[in-house]
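Engineer: here is the input, now give the coordinates:
(chains A and B)
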Amino acid sequence: MSNLNQSFSGDRFLAYAALAPSAFVMLLLAGVPTVTVFVTAMQNVGIGSSTGPFVGLDNFEWAIHDRGMRNALTNTFIWVFGSVSIEMVLGLGMALLLNKTFRGRGVARAIILAPYLVPTVVAVLTWRYMLHDIVGVVNSILVQVGLIDRPLLFLNSTGLAMTSVIVIGVWKFFPFAVIALLGILQAIPQEQYEAARIDGASAFQQFWRITLPYVLPVFLLTALLRTIWTFHKFEIIYLLTGGGPLNSTTTLPILVYLKAFSDFEFGRAAAISILTFGILAVLMAAYFFLIRRAEKQQ
Amino acid sequence: MTTSALNSQIGGSTPPRRNYEMADIHYLSGRIMFYLLVLTAVTVIGFPLFWMLICSFKPGTELYTVPPNILPQVWTLQNYRDLFQQTNFLTYFKNSLIVAGGATFLSLVIGGFGAYSLSRFRFFGIRGFANVALVCYMLPEVLIVIPLYSYVVKLGLADTLIALVIANTAFTLPLALWFMRSYFNAIPISLEESAMIDGCTRFQAMMRITVPLALPGIVSVGVFSFNHAWNEFLFALVFTSSESNKTLPLGLATWIGQDNIYSWGMLLAGAVLVTVPVVFFYLLVQRKLVTGLSDGGVKGE
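Structural biologist: From the prediction side, this is the model:
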């Protein structure tokens, strides 16, 4: 038996041969491009060429002092913090609702999770139609109720665009938090609640003393994962506002895209994307650290 | 707060029947509140998709009435007819199928062998590679799109579907690796070992024992990959220029850009049809996941 065992997991050639295609593809599609971005960022690359004169760290220096870059950085923090905090609170609330047994739970769960399954472009289309200033149902309702007396330009005014984008983003992505939190809620031993009830604990106390401590590690991990993903989300903002009006919704990924494929300043775009990646790398490191610690605790 | 606590204590000394009634009312009102809460949540969250579906069946005139009717007075398929007659929707659909299907196929085959290796072997670098896959999955698209674009142009693959298939694999492959590894981990090595004692080669043992047992997992990974590539927008936007190579998200997005007030019905019909495959695959996975592992040979353990 031990003989077979050794031959079973002792085949070094097979181990690497099976992994080689994956390693090759990832090197080609992720590894090499990441290195190339660093090279591009140190060149002055313009239209119609893929390389240009070496300019050292000039692009980075430009980026750090650029006003557009700072605006994008601020917008990114508003977008990420706004989206993730609302998503997590809403996600926890919905997970708590769906964790109860009630008639029609299956249907309620399907409807609440649906936005996450729908393609982004579909979500964008639907919301753009609903928020339209002339034919949109949202403006129509608000006017009828009397909250406003003329239609609001939800996506086309500097004051409202970011809020609207965050609301739509939350609607689209909060089910991820519901799924993650529902999983952990269902794993809480019911005896703990029974014991607490016998001791006379109120619903709030049960939540505060049992549910929350149990859920907290998953809650934080999910929040961090959502932060990473929200940080480099591109298409939902691009399709809703294109970064406008007047750059009021231009986040870092949007800025990278516009610099590269609208201004054709590839060097500067690469520098911005590296700075973006730097912030992300810190978040990712935190994520891996937390996962490692959670695994050790188990 | 204190008075109500006092009251309930006084209530405790009165005959028990009354107490039950109080508890019943308390329970009932709590239940009603709960259902109201669920109903509100479901209505608010579900409304946009309900509205999309309903409005796709409204005739043009009703789409622009202010205030809008909740349900159409006349149900029509005109928007869907227009979509097929006036746009390249079918071309987009076909392109998206090719791109998402191609990327999924590549990821499952390449990632399948890779994940098998990650799950079964403990040589230098193999454990760490799983983390590399996760990092790759988290890489921002905007970081690699600039260099990928220049490679695509250099290789003469600009404005082709092949470029999109390959570029999408950059994200679907790490996803496949990461998830399939955990599915393979769940299948005991001893099953393969006994197959090999019975005369199977290593490859046969993998194909006949491990892969069928991991099938529900593999199918759901396939659905995730397909969904990812089906949704993908940035690569399509950057690589594609001709109408005949546009994928669905890009095609629909171009119409959004034009913001033609008269085409909303058609756009909504398109949105509904883009969602259909996603819903279909979701239902498929749900059923597959239910059948689960226990159907197979794990019982023999």
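Engineer: toward the C-terminus, what is the element adjacent to the worst-scoring helix or strand of chain A on mean pLDDT?
Structural biologist: Lowest mean confidence among the helices and strands of chain A (mean pLDDT, DSSP states H and E): helix A:2-9, at a mean of 48. Toward the C-terminal end, the helix or strand that comes next after helix A:2-9 (DSSP states H and E) is helix A:12-26.
Engineer: may I have the next helix-or-strand element following that next one exported as PDB, CA atoms only?
Structural biologist: Sequence-wise, the next helix or strand downstream of helix A:12-26 (DSSP H and E) is helix A:32-41. Extracted C-alpha coordinates of helix A:32-41, given in PDB (Å, rounded to 0.1, in the frame of the first residue of the first chain):
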ATOM      1  CA  VAL A  32       4.000  39.300 -18.800                       C
ATOM      2  CA  PRO A  33       1.300  42.000 -19.100                       C
ATOM      3  CA  THR A  34       1.900  43.100 -15.500                       C
ATOM      4  CA  VAL A  35       5.600  43.500 -16.200                       C
ATOM      5  CA  THR A  36       4.900  45.200 -19.500                       C
ATOM      6  CA  VAL A  37       2.800  47.800 -17.800                       C
ATOM      7  CA  PHE A  38       5.800  48.800 -15.600                       C
ATOM      8  CA  VAL A  39       7.900  49.200 -18.700                       C
ATOM      9  CA  THR A  40       5.200  51.200 -20.500                       C
ATOM     10  CA  ALA A  41       4.800  53.400 -17.500                       C
END
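Engineer: distance from helix A:32-41 to the middle of the chain?
Structural biologist: 24 Å (Cα atoms, centre = their mean, to the nearest Å).
Engineer: hmm, who's touching the next helix or strand after it?
Structural biologist: Moving toward the C-terminus from helix A:32-41, the next helix or strand (DSSP H and E) is helix A:58-65. By Cβ atoms under 8 Å, 6 or more residues apart in numbering or on different chains, the list of residues contacting helix A:58-65 from outside reads A:41, A:42, A:44, A:69, A:267, A:268, A:270, A:271, A:272, A:274, A:275. No exception for glycine: its C-beta is placed from N, CA and C like everyone else's.
Engineer: and the gap between the first one and residue B:135?
Structural biologist: Distance, residue A:41 to residue B:135, by Cβ to Cβ, to the nearest Å: 20 Å.
Engineer: more neighbours: these two, which one.
Structural biologist: For residue A:41 versus residue B:135, neighbours defined as other Cβ atoms under 10 Å in any protein chain shown are more numerous around residue A:41 (25 against 16).
Engineer: my read is that the more buried one contacts residue A:267, right?
Structural biologist: Yes. Counting by Cβ atoms under 8 Å, residue A:267 is a contact partner of residue A:41 at 6.3 Å.
Engineer: what sits against residue 71?
Structural biologist: Assuming you mean chain A. Residue A:71 neighbours (Cβ under 8 Å, 6+ apart): A:247, A:250.
Engineer: sorry, I should have been clearer: chain B.
Structural biologist: By Cβ under 8 Å, 6+ apart, the residues touching residue B:71 are residue B:54.
Engineer: that one: what secondary structure?
Structural biologist: coil (DSSP: H, G, I helix; E, B strand; the rest coil).
Engineer: picking up where we left off before, among the contacts of helix A:58-65, which are in helices?
Structural biologist: Secondary structure assignment (DSSP state H) places A:41, A:69, A:267, A:268, A:270, A:271, A:272, A:274, A:275 from those within helices.
Engineer: neighbours around the fifth one, how many?
Structural biologist: The burial metric for residue A:270, expressed as a neighbour count using other Cβ under 10 Å, is 28.
Engineer: for it, give me its contacts.
Structural biologist: If you count contacts by Cβ under 8 Å, 6+ apart, then residue A:270 has A:37, A:38, A:40, A:41, A:45, A:59, A:260, B:146 around it.
Engineer: stretch A:200-218 vs chain B: in contact?
Structural biologist: No. With Cβ under 8 Å from any Cβ of the partner chain as the criterion, chain B is not reached by stretch A:200-218; the gap is at least 9.3 Å.
Engineer: could you find the closest non-adjacent residue to residue A:174?
Structural biologist: The shortest distance from residue A:174 to any residue that is not its chain neighbour, by Cβ to Cβ, 6 or more residues apart in numbering or on different chains, is 4.3 Å, and that residue is residue A:87.
Engineer: tell me the confidence at residue B:293?
Structural biologist: pLDDT for residue B:293: 34.
Engineer: can you map out the helices along the stretch 51-200 of chain A?
Structural biologist: Along the stretch 51-200 of chain A, counting by DSSP state H, counting those that start in this stretch, helices occupy A:58-65, A:67-99, A:105-117, A:120-130, A:137-145, A:161-185, A:190-198.
Engineer: the last one: how far from the chain's middle?
Structural biologist: Its chain's C-alpha centre and that of helix A:190-198 lie 36 Å apart, by Cα atoms, centre = their mean.
Engineer: mind listing what's buried in it?
Structural biologist: Of the residues in helix A:190-198, those buried under the neighbour-count criterion (16 or more other Cβ atoms under 10 Å in any protein chain shown) are A:193, A:196.
Engineer: outside of that helix, which residues touch it?
Structural biologist: Applying Cβ under 8 Å, 6+ apart, the contact partners of helix A:190-198 are A:205, A:206, A:209, A:210.
Engineer: kindly recompute the last result at 10 Å.
Structural biologist: Residues lying outside helix A:190-198 but in contact with it, judged by Cβ atoms under 10 Å, 6 or more residues apart in numbering or on different chains, are A:189, A:201, A:202, A:203, A:205, A:206, A:207, A:209, A:210, A:211, A:214.
Engineer: just among the residues you listed, which is most surrounded?
Structural biologist: Highest neighbour count within the contacts of helix A:190-198, by other Cβ under 10 Å: residue A:211, with 19 neighbours.
Engineer: what's the overlap in contacts for residue A:41 and residue A:267?
Structural biologist: Looking at what touches both residue A:41 and residue A:267 (by Cβ under 10 Å, 6+ apart), the common residues are A:55, A:58, A:59, B:146.
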